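# Model the following, please.
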Amino acid sequence: MSEPTGTILEKSPPPSPPPETGTKERRRFWSARRVPAGLLALLVALIAGAFLYDIAAVRADRPAMSWRRELSRQLAERPLDDIWVLVGAGVAAALGLWLLLLALTPGLRRLLPMRRTHPDVRAGLHRDAAAMVLRDRAMEVAGVQSVRVRVKRRRADVRAVSHFRELDDVRDDLDVVLADAVRGLGLARPPAPSVRVRRPGRKG
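Numbering: from 1, shown residues only. I've put the predicted structure just below:
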């Protein structure tokens, strides 16, 4: 039987893949480290360029630069327990450890990974934005005068000031509201709210 005139047949879209679960979506974002990498590359290029220029000058029957002759003399004459040798070694070791730390840690601590709803898309939420959402939701609770929120990786510290109502009642309402707000953030590892409520301090 033929379809009536004017009927439009639409093909339903394929079902979206289920969101990913596990430890991959909880991993932090890796920083590009552009500034340290650029500074290190510039420093290495300057030092290598200076040495190459001096070596090329010596090969062209020109005297070596005074700074390289002085450096060679100092390295040959100074003992290993000299204070300047120890300071230079300490600075080089500290710089190397700092570079290793940058290479082995992800960075971007203020960016919280969100749950994946699509395997090819990975999103993150800034801690300040998450704290603003939780603060706005907490201010909706009756009796709350002011709120300070600090979001960490595993915990959200909420400090509220209540000018009326019982503190226990305000705290219970905040627990419910903040638990719902944290779920609504869509984070891969939702922080556990830690709520404290107090009365405003006396003026004067």
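
# Which secondary structure elements does the longest helix out of those in the chain sit against?
The helix spanning the most residues in the chain, taking DSSP state H as the definition, is helix 34-59. Secondary-structure packing of helix 34-59 (3 or more CB pairs under 8 Å, 6 or more residues apart in numbering; DSSP states H and E): helix 83-104. To be clear about C-beta, it is placed using only N, CA and C from the backbone, and glycine gets the same treatment.

# Please list the residues outside the helix it packs on that contact it.
33, 36, 40, 78-79 (CB atoms under 8 Å, 6 or more residues apart in numbering).

# how about that helix: buried residues?
Neighbour-count burial for helix 83-104, counted by 16 or more other CB atoms under 10 Å, picks out no residue.

# That one vs helix 34-59, what angle?
130 degrees (axes from the mean of the first three to the mean of the last three CA atoms, to 10 degrees).

# that older thread, can you give me how far the longest helix of the chain is from the chain middle?
The chain centre lies 31 Å from the centre of helix 34-59; the measure is CA atoms, centre = their mean, to the nearest Å.

# Show me which parts of that helix are buried, residue by residue.
Applying 16+ other CB under 10 Å to helix 34-59 flags Asp54 as buried.

# could you dump the contacts of helix 83-104 to a markdown table with distance to Val91 and pLDDT?
Formatted as a markdown table, the contacts of helix 83-104 follow (distance: CB to CB, whole Å; pLDDT from 0 to 100):
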| residue | distance to Val91 | pLDDT |
| --- | --- | --- |
| Arg33 | 20 | 79 |
| Pro36 | 16 | 82 |
| Leu40 | 14 | 85 |
| Arg78 | 16 | 83 |
| Pro79 | 18 | 85 |
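
# Thanks a lot, catch you later.
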